[in-house]
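[1] got a structure for you, letters missing:
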């Protein structure tokens, strides 16, 4: 007989086409009732969190304290969040990741003045490290969160950045790129020997590129040099997929080029003072040596920086500085 066991294990007869079609349609609908309950619970949790976020924003006093701003963004601990995620850790991790980006973006929008992604200290981002910790606890393989933290967190809380990236290395032992980010943080701190060790360890991870070993050697020999900084940002520009990080690396490389040019201009100004016994009163007096040095100059002999803005001559001091309209980064 064509049939299948009923709930008691007995064979039943052929079902009607309508019953068969109904069961087939039910089979195509997706997860079982219990799974749908988990999805619905997660959606309700996320919706409740979003509603709470909006409620807090509407009622936040104009001069909220730093502690209140932190508590606004942290609803549960990483462990509790993992339990509440009901097995949908990736979705919950994405939510905390987006929350972290919104948190930084909201702070940046209300800030007056220029900002650089690796220098966000003025924004007082006390909740950023905990938010990234939440995301990476829910999804320990969330490499983008670790890399973002390595770039942004050092100017906010350098040791929190170190802890985050070290956690990423423990959870992702084959991710050699995280070693390069940890080395970058140590280099920023001026801890060149530790940076060299990090790059050296990362160079031994299967699949790591040869430049990791070369960077370890360079850190040991001349970690604080402009040459090392250039090597770091050139590698960052070539290897990152994040557009903000690419922009950071490009702007830092432009800055390094400008610093080299300013040094060259100072040497020419010093040489002119030694010959003439006075400082140059204008760039035209240095036109031949400027061209000989292969610096960028316009038709009048005025040198300009990599962003196309003329350098400013400080005639009274035989010195040079960036023009007011220059887009070259000034902090180093």
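    All right, it came through fine. Owing to the predicted nature of the structure, the values given are computational and were not obtained by experimental measurement.
[2] Run through this protein and note the low-pLDDT ranges.
    1-88 (pLDDT under 70).
[3] give me every residue that touches the residue nearest in space to the middle of it.
    Nearest residue to the geometric centre of the chain (C-alpha atoms, centre = their mean): residue 148, 2.9 Å. Residues near residue 148 by C-beta atoms under 8 Å, 6 or more residues apart in numbering: 100, 132, 242. Quick note: C-beta positions are derived from backbone N, CA and C, even for glycine.
[4] Pull out the buried positions in whatever helix or strand the first one lives in.
    What that stands for is residue 100. Using DSSP states H and E, residue 100 maps to helix 89-109. Under the neighbour-count criterion of 16 or more other C-beta atoms under 10 Å, helix 89-109 has 89, 91-97, 99-100, 103-104, 107 buried.
[5] Generate TSV for those, with distance to residue 193 as supplementary columns.
    Shown next, in TSV, are the buried residues of helix 89-109 (distance: C-beta to C-beta, whole Å):
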residue	distance to residue 193
89	37
91	42
92	39
93	35
94	38
95	40
96	35
97	33
99	37
100	32
103	35
104	32
107	34
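[6] Quick one: the helices in the stretch 151-300 of the chain, in order.
    Ranges of helices in the stretch 151-300 of the chain, per DSSP state H, counting those that start in this stretch, are 154-171, 176-188, 192-203, 211-222, 226-239, 243-276, 287-292.
[7] can you pull the buried residues of the longest one?
    It refers to helix 243-276. 245, 248-249, 251-256, 258, 261-262, 264-265, 268-269, 272.
[8] by contact count, what packs against that helix?
    Counting contacts by 3 or more C-beta pairs under 8 Å, 6 or more residues apart in numbering; DSSP states H and E, helix 243-276 is packed against helix 143-152, helix 226-239, helix 287-292, strand 319-321.
[9] So which of those is the most surrounded?
    Ranked by mean neighbour count, the helices and strands packed on helix 243-276 are led by helix 143-152 with a mean of 23 (mean count of other C-beta atoms under 10 Å).
[10] what inclination does it have with respect to helix 154-171?
    When axes from the mean of the first three to the mean of the last three C-alpha atoms, to 10 degrees is applied, the directions of helix 143-152 and helix 154-171 differ by 150 degrees.
[11] Tell me the spacing between the nearest residue to residue 220 once chain neighbours are set aside and residue 179.
    Closest residue to residue 220 apart from its sequence neighbours, by C-beta to C-beta, 6 or more residues apart in numbering: residue 196 at 4.4 Å. Per C-beta to C-beta, to the nearest Å, residue 196 is found 12 Å from residue 179.
[12] With neighbour numbers in mind, choose between those two.
    The neighbour count for residue 196 versus residue 179, taken as other C-beta atoms under 10 Å, is higher for residue 179 (25 against 21).
[13] That one contacts residue 197, correct?
    No - if you go by C-beta atoms under 8 Å, residue 179 and residue 197 don't touch, sitting 10.0 Å apart.
[14] quick one on the thing from earlier: which of the helices and strands packed on helix 243-276 sits closest to residue 158?
    Closest to residue 158 of the helices and strands packed on helix 243-276 is helix 143-152 (C-beta to C-beta; 10.6 Å).
[15] need the contact list for the closest residue in space to residue 229 that isn't next to it in sequence.
    The shortest distance from residue 229 to any non-neighbouring residue, by C-beta to C-beta, 6+ apart, is to residue 256 (6.1 Å). For residue 256, the contact set (C-beta under 8 Å, 6+ apart) comprises 226, 229, 230, 233.
[16] any idea how far the closest residue to residue 318 other than its chain neighbours is from residue 286?
    Spatially, and ignoring its direct neighbours in sequence, residue 318 is nearest to residue 279 (4.0 Å; C-beta to C-beta, 6+ apart). Remark: distance between residue 279 and residue 286 (C-beta to C-beta) = 11 Å.
[17] any shared contact partners between the two?
    Common contact partners of residue 279 and residue 286 (C-beta under 8 Å, 6+ apart): 269, 272.
[18] Tell me which of these two has more neighbours.
    Set residue 279 next to residue 286 and count neighbours by other C-beta under 10 Å: residue 286 wins out with 23 against 17.
[19] how close does the more buried one get to residue 327?
    24 Å.
[20] any idea how far the residue nearest to the centre of the chain is from residue 99?
    Residue 148 sits at a distance of 13 Å from residue 99 (criterion: C-beta to C-beta).
[21] Kindly report the same for residue 217.
    Relative to residue 99, and taking C-beta to C-beta, residue 217 is found at 41 Å.
[22] Share the number of residues neighbouring residue 309, please.
    The number of residues packed near residue 309 is 16, by other C-beta under 10 Å.
[23] oh, I was asking about residue 294
    8.
[24] Also residue 210?
    Neighbours of residue 210 (other C-beta under 10 Å): 8.
[25] Could you tell me the phi and psi values at it?
    Note on residue 210: backbone dihedrals following degrees, to the nearest 10 are phi -60, psi -30.
[26] OK, contacts around it?
    Neighbour list for residue 210: residue 203 [criterion: C-beta under 8 Å, 6+ apart].
[27] separation between it and residue 312?
    For residue 210 relative to residue 312 (C-beta to C-beta), the value is 42 Å.
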